[in-house]
Every structure is written in C-alpha cells, then in structure tokens.
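Peer 1: I would like the atomic coordinates for the input below:
(chains A and B)
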Number of protein chains: 2
Amino acid sequence: MANRQDEILFHEFYDKQLSEYIPHFSVDCVTLGFHAGMLKVLLCKMNILQKWILPGGFVYHDECVDDAAIRILKKRTSLKDVYLKQFHLFGHKDRRPREEADEILDALRIEDRENHRLKSRYLSVGYYVLVKYGKIQIRPNVGEELDWFCLNELPELYLDHEEIIKKAIKSIRNDVGYIPIGYELLPSKFTMPELRTIYETILGRELDRRNFQRKMLSTGLIIPLNETRREGAHKSPNLYSFNKERYIEAREQGMQLMHVIL
Amino acid sequence: MANRQDEILFHEFYDKQLSEYIPHFSVDCVTLGFHAGMLKVLLCKMNILQKWILPGGFVYHDECVDDAAIRILKKRTSLKDVYLKQFHLFGHKDRRPREEADEILDALRIEDRENHRLKSRYLSVGYYVLVKYGKIQIRPNVGEELDWFCLNELPELYLDHEEIIKKAIKSIRNDVGYIPIGYELLPSKFTMPELRTIYETILGRELDRRNFQRKMLSTGLIIPLNETRREGAHKSPNLYSFNKERYIEAREQGMQLMHVIL
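Peer 2: Numbering: from 1, shown residues only, chains lettered A, B, ... in the order given. Sure thing, here's the model as predicted:
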C-alpha cells in the first residue's frame, strides 16, 4: 500500500499535468557512465513502483523532443553539457501490458481502472546519453531513488526497459566503426585499459591489448601524456588524454575506425 | 479552389478517422527503387496540396508502428514482402509551420482555422524502404498522384520532407560499412556498374571501378554468372546475382564491408 506522500506525487505526475503533454508519447534516457572499470547505466525507482525504470518523462506541446530528453535528464543530474543521441522509437502496441498497471492502481486504491491513463498506450523514443561519471551528481525527484547499475548486472526492469537498454548498446555498437567513443565517458586523463574496456563492453567481446593500443594511437585521437597513475605496488599505467579538437571533428563528421575494433 | 471530390477525400482523411489514430503522430516512408541507372524515391501529391510529400499516414490505436508503416506502403504499392527500417523520429516543435496549413484551409473554405487539426503539431517517424522497382506497381489513392523522382532532382517538397529524405540516405550511408545493400533494389541479375551506382549514390561519391569489383567479389555476397547483357553494339557487361543466403545473414548479423566502400 502506498503512503499518502507517494500517492500525491503520483497523481501530480500522471494526472495533474496530463493536458500539458503530447498524449501517448514518452521519452526514455539510457544514461551511461564509466566507473571503477565498468560501464554503468542510471536507473530510477519510484516508490510507488517496485521495479526499476529508465529515467523518462513526457514532451510538452510546445517543446522539441530533443529538448524534452535534455530537460528530463537535467532534472535528475547536475549535467550542463549533455551528449545525447536519439536511437529508436519503441512503437509496439503491447509494449506496455495493461496488467502491469494493476499493481500501481492497487497501491493507489484507484477504482476506475479501465480508463486510467496508466492503462493507455505509449510510444517511447529512446535517447542514449554519455556522461562523465565523476562530474555529475544524481538528484532523485522526491519519491524516487536513482542509482547506477553495471550493464551486466541489471535489476528487474519495468516494461520493455531492458530491451531499450540493449537496443541503445547495439546502436552505439553500430556506430563505433566510424564515430569515436570515450571522450564523453572518461576523465581528462585515463589509461589505455579503461578506454579498451569501454570498447569491449560496447562490442561485447575482448580486444587484443597491443593491437588496440597501437591502432588507437595511430588515429591521432588520443595523446600519450608523460605521466603514470600509481595503482599498486607493481602497476603504474601510462596516462592519455583526448585530442579534443580532433575527437569532436571525428564525432561530427565520422572517421574510419573499423580497423581499431577488429 | 478545391473541387468537391477533393474536399470530401480530404475530410475523410483528416477528420472522419481522427479518433481512430494516435493523435499528433505520423509515419513517413522514404521508398527507394533503382531504375534506369538511378536511385529514385517514391513521392505523392494530394490534389488538395500543390507540393509533393512522402507517402505517409497515421497509426491506429491498436497497431504497432512498424505495421502502420507497412500498411501505409502496401496501400500504395503492390508490394508483398517489404524491407523497411525505422531511421529517425522527427520531433522538432516547428517542423510543421502553422502557416503551411493556410493554403489548404483556404482551398477547403474552412473558417475555424485555429483549432483545425492541420494546424496541430505532429511527431513523425521515418522509415526507409528498399524495393525492386520492376516488381511493384504504384497505386495512388483516389485524389492523389504517385511518382518516382531521382534523388538529385527532387521537386519542391512539403514541410521538412526533403530533410527526411536526406536523413534516410545518411542513415543508410552509416550502415553500408557493415550491412550490405543492393539485393532489395536490384533485379535477380544485374551488372557491376548497377551495384556500384547504388553505393555511389548512397555515399555521395565515386568509387574506383576495379577496386569495387574486386572487393565486392571477395565478400562472397555476389556470384558471377556465365551471362552477359546486350546493351549496345560494343557493350555486353557481365551479369551477377546475389548469394541470397549469405546476403540475408550479413544483413541480419552485420559483416565487415568498410574496405569495399573506401
């Protein structure tokens, strides 16, 4: 049973602002950050709902969909500049099974269920967002939790949200042959294994350590620094930084990178 | 001024079925076919409107968006199996300028303009569709024309439809490094220059004739036939066909093709 506070929040979210938004349409953000050697995704849990969901929201009648995605994300993080990319519209008629709403409607003691907005169909457009984990603070809305989860240890997710995450990764995987990745995710100084881990997670397979290093350096996208990081008694890996100008140009215009990931 | 027939059609299209569709949402299809050595796009012109538009339509409340795209296309062509792919959601708030509707509302002598559906905002999801030109017949709806246009000789297009076409081509361009193209567009027997022209049009640049032939053959996607086509007194180019099984596998699972298009 939901407490009064949660009920009020829920009604505000789902009912009060109903007419302000484009109906039957939502935005879901797959926010990825790199931390402790792993690629993680930001998930959210409304108290009223016992499953984790992707941070999402709706689009105002006079708002661009891209701007809605940015607004939704900024509300829950301290991000200023956001690199985000639309990757897919999820339009299956049964993607939001009507029974899924019953648990919530139960908790809210709502009787007129059949016509409740929670039972209605939503199309949802997915955006993936790459962020520097160390540079943002997460700010849950009142009545919800926010947390990072490893991509290979996801909790049970609401509706088709796991599929949305998988599709985001697949979409990035399709891009990495001609669009670089890493700058948006890593701190200004990073090690080669960190960069390689990002590629390996996205590709879902291991890459040869030496080949990756040699080929990545040959792209001119990263610069070796005369510094190492002390990681333990016998480990002090070299540090690198991105050639920002070259990276942004490659991100915008594309670049032949397929050989790096073979 | 529109004639009575056009007015009736228009009202049927825009008003009568209004409640059957998801509001504020449409589907636009970029249908590409290869004919006379050129890649062409299928466009449509409603009599009521003096500009060409992409064949499009709306999504029923109980219909998957993918199925709506197929239905919209099948209605206007004789296609049975359709290869189509969603490529982008167009969600800019001003993509359908309110003034654009005035011409139509004038022709229809509609007075209550401000609240007319034509003035309202639409999100539109784009699908690209690859078809065998020779295998389909176009069937315009009553009250509209349908015709093929070369991609480099487009007529004036309604709203952002030219941008939608460009985005479709860009999306295919991003894919051709790891997804083959051609089988859906060419007849069962084709020449190497025909296949190369498709790649050149998508990439927006010329490819070396010999390198393309050598590399494309090395992929195993196409099979040289012991046949030639008589094209003139001194021309009888060799014919090829696709290795369908291998092609479909590559299309579904991806394949390294970047070297072919360099």
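Peer 1: Checking the closest residue to A:R113 other than its chain neighbours next. Helix, strand or coil?
Peer 2: Nearest residue to A:R113, sequence neighbours excluded (CB to CB, 6 or more residues apart in numbering or on different chains): A:L105, at 5.3 Å. Every C-beta, even on glycine, is put in place using the N, C-alpha and C of the backbone. Of the three states, A:L105 takes helix under DSSP: H, G, I helix; E, B strand; the rest coil.
Peer 1: Touching, A:L105 and A:N115? I think so.
Peer 2: No. Applying CB atoms under 8 Å as the test, A:L105 and A:N115 come out as separate, 11.4 Å apart.
Peer 1: Pick out whichever of those two has more residues nearby.
Peer 2: With neighbours defined as other CB atoms under 10 Å in any protein chain shown, A:L105 and A:N115 compare such that A:L105 has more, 15 against 7.
Peer 1: Counting neighbours, what do you get for A:V125?
Peer 2: A:V125 is flanked by 26 other residues according to other CB under 10 Å.
Peer 1: So which bits of the stretch 1-150 of chain A are right by chain B?
Peer 2: Residues of the stretch 1-150 of chain A lying close to chain B (CB under 8 Å from any CB of the partner chain) are A:22-25, A:59, A:61-66, A:86, A:88-89, A:91-93, A:121, A:123, A:125.
Peer 1: Swap in 10 Å and give it another go.
Peer 2: With CB under 10 Å from any CB of the partner chain as the criterion, the stretch 1-150 of chain A comes near chain B at residues A:22-25, A:27, A:59-69, A:86-95, A:120-123, A:125-126.
Peer 1: List only buried entries from these.
Peer 2: Neighbour counting with 16 or more other CB atoms under 10 Å in any protein chain shown marks A:22-25, A:27, A:59, A:63, A:65-66, A:68-69, A:86-93, A:95, A:121-123, A:125-126 as buried within the residues of the stretch 1-150 of chain A next to chain B.
Peer 1: Looking at the residues you listed, which are in helices?
Peer 2: If you go by DSSP state H, those have A:65-66, A:68-69 in helices.
Peer 1: Could you dump those residues into CSV and include distance to A:L154 and pLDDT?
Peer 2: Listed next are those as CSV, based on distance: CB to CB, whole Å; pLDDT from 0 to 100:
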residue, distance to A:L154, pLDDT
A:V65, 26, 98
A:D66, 26, 97
A:A68, 25, 96
A:A69, 21, 95
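Peer 1: Mind picking the one among those that's closest to A:Q213?
Peer 2: A:A69 (34.9 Å; CB to CB).
Peer 1: Please report how far the residue nearest to A:R113 lies from B:Y21.
Peer 2: 26 Å (CB to CB, to the nearest Å).
Peer 1: coming back round to it: my guess is the residue nearest to A:R113 meets A:L49, correct?
Peer 2: No. The criterion here is CB atoms under 10 Å, and A:L105 misses it with A:L49 at 11.4 Å.
Peer 1: can you give me the helices in chain A?
Peer 2: Using DSSP H, helices in chain A cover A:4-11, A:65-76, A:102-107, A:161-175, A:192-203, A:209-218, A:244-253.
Peer 1: Looking at the ones in helices among the buried ones among the residues of the stretch 1-150 of chain A next to chain B, which is nearest chain B?
Peer 2: Distance to chain B across those (CB to the nearest CB) is lowest for A:V65, with 2.7 Å.
Peer 1: Next one: the closest one from B:P97, what distance?
Peer 2: With the distance defined as CB to CB, A:V65 ends up 17 Å from B:P97.
Peer 1: any idea of the pLDDT on A:P180?
Peer 2: In this model, A:P180 is scored at 94, pLDDT.
Peer 1: how about the strands in chain A?
Peer 2: A:25-35, A:38-46, A:56-57, A:83-90, A:123-131, A:144-150, A:190-191, A:222-228, A:238-242 (DSSP state E).
Peer 1: Okay, now the sheet partners of the last one, with direction.
Peer 2: The reference is to strand A:238-242. Using DSSP bridges, the strands paired with strand A:238-242 in its sheet are strand A:190-191 (antiparallel), strand A:222-228 (antiparallel).
Peer 1: again with the fourth one
Peer 2: Looking at strand A:83-90 with DSSP bridges, its partner strands are strand A:123-131 (antiparallel).
Peer 1: Give me the angle between the partner strand and strand A:25-35.
Peer 2: 20 degrees (axes from the mean of the first three to the mean of the last three CA atoms, to 10 degrees).
Peer 1: Let me know the average pLDDT across strand A:123-131.
Peer 2: 96.
Peer 1: could I have it exported to CSV, CA atoms only?
Peer 2: Provided in CSV are the C-alpha atoms of strand A:123-131 (Å, rounded to 0.1, in the frame of the first residue of the first chain):
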residue,chain,number,x,y,z
LEU,A,123,5.1,5.2,-27.9
SER,A,124,8.5,5.9,-26.4
VAL,A,125,11.6,7.4,-28.1
GLY,A,126,14.9,6.3,-26.7
TYR,A,127,18.0,8.5,-26.3
TYR,A,128,21.4,7.4,-25.2
VAL,A,129,23.4,9.8,-23.1
LEU,A,130,27.1,9.5,-22.4
VAL,A,131,28.3,11.2,-19.2
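Peer 1: and that strand with helix A:192-203, angle?
Peer 2: With the same axes, to 10 degrees defining the directions, strand A:123-131 sits at 170 degrees from helix A:192-203.
Peer 1: Report how many residues lie close to A:G57.
Peer 2: 19.
Peer 1: And it, how far from A:E145?
Peer 2: 16 Å.
Peer 1: repeat for A:W52
Peer 2: Taking CB to CB, one finds A:W52 at 8 Å from A:E145.
Peer 1: next one: A:F212
Peer 2: Taking CB to CB, one finds A:F212 at 37 Å from A:E145.
Peer 1: So for these two, which sits in the more crowded spot?
Peer 2: A:F212 (20 against 13).
Peer 1: give the contact list for the nearest residue to that one once chain neighbours are set aside.
Peer 2: In space, and not counting its chain neighbours, A:F212 is closest to A:R196: 5.1 Å by CB to CB, 6+ apart. Neighbouring residues of A:R196 by CB atoms under 10 Å, 6 or more residues apart in numbering or on different chains: A:182, A:206-209, A:212-213, A:216.
Peer 1: Can you give me every residue that contacts A:I261?
Peer 2: A:173, A:176-177, A:199-200, A:202-203, A:205, A:207, A:212, A:215-216.
Peer 1: Redo the residues you listed as a markdown table? Include pLDDT.
Peer 2: Formatted as a markdown table, the contacts of A:I261 follow (pLDDT from 0 to 100):
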| residue | pLDDT |
| --- | --- |
| A:R173 | 90 |
| A:V176 | 88 |
| A:G177 | 83 |
| A:Y199 | 95 |
| A:E200 | 95 |
| A:I202 | 93 |
| A:L203 | 92 |
| A:R205 | 93 |
| A:L207 | 95 |
| A:F212 | 96 |
| A:K215 | 95 |
| A:M216 | 96 |
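Peer 1: residues from the stretch 151-262 of chain A in reach of chain B?
Peer 2: So far as CB under 10 Å from any CB goes, the stretch 151-262 of chain A lies against chain B at A:170, A:173-175, A:177-179, A:254, A:256-259, A:262.
Peer 1: Filter these down to the buried ones and hand me the PyMOL line.
Peer 2: Buried residues within these, by 16+ other CB under 10 Å, are selected in PyMOL with:
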select buried, chain A and resi 173+174+175+177+178+179+254+257+258
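Peer 1: Going by distance to B:L42, which of the residues of the stretch 151-262 of chain A next to chain B wins?
Peer 2: A:N174 (26.3 Å).
Peer 1: is it true that the closest one touches A:F87?
Peer 2: Yes. In this structure, A:N174 is within contact of A:F87 by CB under 10 Å, at 9.3 Å.
Peer 1: A:L43: which of the contacts of A:I261 is nearest?
Peer 2: For those, the nearest to A:L43 is A:I202 (18.7 Å; CB to CB).
Peer 1: Might you name the residue of the stretch 151-262 of chain A sitting closest to chain B?
Peer 2: A:M258 (4.3 Å).
Peer 1: need the contact list for that residue.
Peer 2: A:176-178, B:177-178, B:256-259, B:262.
Peer 1: Could you measure from A:H161 over to A:A69?
Peer 2: Taking CB to CB, one finds A:H161 at 15 Å from A:A69.
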